[in-house]
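In: Okay, predicted coordinates and the sequence, questions at the end:
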Amino acid sequence: MRFLVQRVSRAAVTVEGKTVGEIGKGFLVLVGISKSDITEASETEPETPFPDRSSMEIAEKMTRKLLGLRIFEDENGKTNLDLKSVEGSLLMISQFTLYADCRKGNRPSFTNAGDPEKACLLYRAVIELCRQEMAKGDPGFSGRVEEGIFGADMKVELVNDGPFTVLLDSDEIMR
């Protein structure tokens, strides 16, 4: 799983000319799901629902890392503050192209991207985890989590603050 995290002063996503998600200060997060994030049900437990425990462990750890990122400046100009500290919001966008393989030729291959049906379920699980975590703590903080539409042709607009962009990769974080 990959999260391309961009600190923004504002961001919005439109589908067919209609705004479907919009935030002020916060993170615009492009979310890529790979084949390796999607574990299949075992032969002994074929009725295991997806996302299964292994896939959810990846999602949970990535979500904790995302929400714990301290990339907002404090009063001394140091990047010491996380999303909740600045009362920021999230805009989550599905982005299978984060798994583009450009090693051969000039046309990227997307064979490392996860199966769209299961990737959508895991993407939805990540969004729900973010909503649950953002709702914890200060009752006066809404912790908005907005989203694009999985698989849609989206137009994403943002004002990157800094710019400050970080790549979180589950292959590194799960070690």
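Out: Done, it's in.
In: Now the longest helix along the chain: average pLDDT?
Out: Secondary structure of the chain per DSSP state H: the longest helix is helix 116-135. For helix 116-135, mean pLDDT is 93.
In: what's the residue positioned nearest the centre of the chain in contact with, if anything?
Out: With distances taken as C-alpha atoms, centre = their mean, the residue of the chain nearest its centroid is Val31 (4.0 Å). Applying C-beta atoms under 8 Å, 6 or more residues apart in numbering to Val31 gives the contacts 1-3, 92-95, 98, 123, 126. C-beta coordinates here come from the backbone N, C-alpha and C atoms, glycine included.
In: Please dump those residues into CSV; it should also carry distance to Arg70, secondary structure and neighbour count for every row.
Out: Output for the contacts of Val31, formatted as CSV (distance: C-beta to C-beta, whole Å; DSSP: H, G, I helix; E, B strand; the rest coil; neighbours: other C-beta atoms under 10 Å):
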residue, distance to Arg70, secondary structure, neighbour count
Met1, 21, coil, 28
Arg2, 20, strand, 20
Phe3, 15, strand, 24
Met92, 20, strand, 26
Ile93, 22, strand, 22
Ser94, 26, strand, 25
Gln95, 24, coil, 21
Leu98, 23, helix, 20
Tyr123, 25, helix, 27
Val126, 20, helix, 26
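In: Flag the shaky bits of this protein, pLDDT-wise.
Out: Scanning the chain for pLDDT under 70 picks out 40-48, 137-142.
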